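Novice: Quick one: sequence and predicted model below, then my questions.
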Amino acid sequence: MVRCSNLHPGHKDQLPAHRWRNAIVKCWIEDDAAFCRQMQRRSFEKLFFLMGAMTIVERVDSHESFSLITDRIQTTNKRSLLWTVGFLTFFMSAILDNLTTTIVMVSLLRKLIHDREDRLRFIGLIVIAANAGGAWTVIGDVTTTMLWIKHKIETVPVMQELFWGSLVCFLVPLVGFSIRMPGQLSLKPPVQKVASDIQPWHRWLFLILGVVALLAVGALSATGWLTSTALWLDHSVQNRDVVAIVIGLVSSVVDNVPLVAAGLEMYQMPTNDPFWMLLAYCAGTGGSCLIIGSAAGVAAMGIETVDFVWYVKHITGWAVVGYFAGAAVVVATLSI
């Protein structure tokens with residue numbers, strides 16, 4: 001496939017062979033260089049946003065400003081706190097965005113919960129709640145914002161169609177976590193941070209790991225693998241609801257932005273078409289299935305050093321169940 005539109009096929013006969021080959025190579029290099037610059041810009045935008053947001057949060061924390069919130073949370077019951085934190089994250093993400101909300105809420109949990117194992121389970125729910133909350137508004141997640149900018153969805157209809165599905169996507173893991181998390185929180189702080197917690201500089205290693213994952217996804221985009229996969233999926237599966245649901249699951253492994261961009265190129269449905277609504281839900285919530293599947297997960301990974309394998313063992317199962325339950329509700333809502 002020749003990518004340079006300035007080289008007309010008929011010019012081949014008018015140029016010497018070596019000049020024609022050089023022109024082809026130049027077109028490929030220039031086009032690939034532009035694409036690489038675009039991938040680098042997107043990856044570095046996320047990196048610098050995360051670094052800036054984490055720096056601001058640490059600065060706020062150094063002045064003990066989070067105590068304004070933590071002092072008002074009096075409960076030590078794990079289930080009560082889980083529901084409070086979960087719903088707060090869900091609605092904050094819809095108003096702000098899932099990435100900012102995750103950074104703030106994870107930082108709050110570091111003040112509220114001293115036991116690391118309990119804190120990790122709460123953080124797993126925060127990632128799910130933030131992604132679910134951001135899926136039903138046009139400003140809550142980058143993919144819904146993309147669809148809104150491209151005039152595929154509108155502000156009020158997307159809230160009406162996706163709210164209940166997003167809520168179910170969040171509630172199913174919330175109920176599951178509540179059943180498995182009885183008891184009271186330990187109010188005794190750790191004796192020494194160095195002995196009981198991971199070193200602060202380890203956070204940056206996990207953040208860099210998340211950014212490396214984003215760069216690897218950019219490499220897949222550069223090879224055209226994502227677009228080819230989306231086209232193959234469209235031809236193999238005739239049901240577009242299934243296509244959207246599979247795209248959401250794939251977005252837990254690769255970046256959801258190029259997947260949604262591929263969907264925008266493949267389909268020409270009108271504004272507020274059920275496919276766009278379902279795609280907005282799936283691309284926004286599917287990333288919760290893996291810790292590296294969303295910007296919110298990468299942020300949590302950087303702040304609290306959440307282990308990838310631990311997340312798969314303890315969080316992924318509930319995230320997948322919630323994802324399919326929410327998708328079923330969205331499909332049912334759109335069919336009414």
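Specialist: Yep, that arrived. Residues are numbered from 1 along each chain as shown.

Novice: how about Leu162, what does it touch?
Specialist: Neighbour list for Leu162: 135-136, 277, 280-281, 330, 333 [criterion: CB atoms under 8 Å, 6 or more residues apart in numbering]. (Glycine included, C-beta is placed from N, CA and C.)

Novice: can you rerun that using 6 Å?
Specialist: By CB atoms under 6 Å, 6 or more residues apart in numbering, the residues touching Leu162 are 135-136, 281.

Novice: what's the answer for Tyr281, then?
Specialist: By CB under 6 Å, 6+ apart, the contact list for Tyr281 reads 135, 162, 165, 330.

Novice: Turn these into CSV, columns for pLDDT and secondary structure.
Specialist: Output for the contacts of Tyr281, formatted as CSV (pLDDT from 0 to 100; DSSP: H, G, I helix; E, B strand; the rest coil):
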residue, pLDDT, secondary structure
Ala135, 95, helix
Leu162, 96, helix
Gly165, 96, helix
Val330, 97, helix
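
Novice: export those residues to CSV and tack on distance to Gly183?
Specialist: Shown next, in CSV, are the contacts of Tyr281 (distance: CB to CB, whole Å):
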residue, distance to Gly183
Ala135, 32
Leu162, 35
Gly165, 32
Val330, 35
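
Novice: Please pick the buried ones from the residues you listed.
Specialist: The neighbour-count test (16 or more other CB atoms under 10 Å) marks 135, 162, 165, 330 as buried among the contacts of Tyr281.

Novice: My guess is the first one contacts Gly286. True?
Specialist: Yep, that's Ala135 we're talking about. No - counting by CB atoms under 6 Å, Gly286 is not a contact partner of Ala135; they are 9.5 Å apart.

Novice: what stretches of the protein score poorly on pLDDT?
Specialist: In the predicted model of the chain, residues 1-72, 186-227, 229-230 satisfy pLDDT under 70.

Novice: Do a quick rundown of the strands in it.
Specialist: For the chain, strands defined by DSSP state E do not occur.

Novice: What distance do you get for Ile128 to Ser93?
Specialist: As judged by CB to CB, to the nearest Å, Ile128 and Ser93 stand 10 Å apart.

Novice: and what of Ala129?
Specialist: 7 Å.

Novice: One more: Val127?
Specialist: For Val127, the distance to Ser93 (CB to CB) stands at 10 Å.

Novice: ok, now Val331?
Specialist: Separation of Val331 from Ser93 (CB to CB): 23 Å.

Novice: which of the two has more neighbours?
Specialist: Legend: neighbour count by other CB atoms under 10 Å for Val331 and Ser93, higher for Ser93 (32 against 17).

Novice: what's near enough to touch the nearest residue to the more buried one once chain neighbours are set aside?
Specialist: Nearest residue to Ser93 in three dimensions, chain neighbours excluded: Gly133, at 3.3 Å (CB to CB, 6 or more residues apart in numbering). By CB under 6 Å, 6+ apart, the contact set of Gly133 is 90, 93-94.

Novice: can you put these in a markdown table and add distance to Ile153?
Specialist: Below are the contacts of Gly133 laid out as a markdown table (distance: CB to CB, whole Å):
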| residue | distance to Ile153 |
| --- | --- |
| Phe90 | 20 |
| Ser93 | 17 |
| Ala94 | 15 |
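
Novice: out of those residues, who's nearest Tyr323?
Specialist: Nearest to Tyr323 among these: Phe90, at 15.0 Å, using CB to CB.

Novice: So the closest one is in contact with Ala130, correct?
Specialist: No - using CB under 6 Å, Phe90 is not in contact with Ala130; the gap is 7.7 Å.

Novice: ok, these two, which is more surrounded?
Specialist: Neighbours per residue (other CB under 10 Å) separate Phe90 from Ala130, with Ala130 holding more: 37 against 27.

Novice: quick one: buried residues of stretch 76-87?
Specialist: Neighbour-count burial for stretch 76-87 flags 78-79, 81-83, 85-87 (criterion: 16+ other CB under 10 Å).

Novice: how many other residues sit next to Val172?
Specialist: By other CB under 10 Å, 21 other residues sit near Val172.

Novice: which residues sit in contact with it?
Specialist: Val172 makes contact with 321-322, 325, according to CB under 6 Å, 6+ apart.

Novice: same thing but at 8 Å, please
Specialist: Counting by CB under 8 Å, 6+ apart, Val172 touches 318, 321-322, 325-326.

Novice: Which residue, other than its chain neighbours, is closest to it?
Specialist: Closest residue in space to Val172, ignoring its immediate chain neighbours: Gly322 at 3.9 Å, by CB to CB, 6+ apart.

Novice: Asp141 too?
Specialist: With CB to CB, 6+ apart, the residue lying closest to Asp141 is Gly134, at 3.8 Å.

Novice: okay but the one you found is in contact with Ala94, surely?
Specialist: Yes - Gly134 lies in contact with Ala94 (CB atoms under 8 Å); the separation is 6.5 Å.

Novice: Give me the common contacts of these two.
Specialist: When contacts are counted by CB under 8 Å, 6+ apart, Gly134 and Ala94 are jointly contacted by Gly140.

Novice: Of the two, which one has the most company?
Specialist: Gly134 (34 against 24).

Novice: Can you name the residues that contact that one?
Specialist: By CB under 8 Å, 6+ apart, the residues touching Gly134 are 93-94, 97-98, 101, 140-141, 144, 284, 296.
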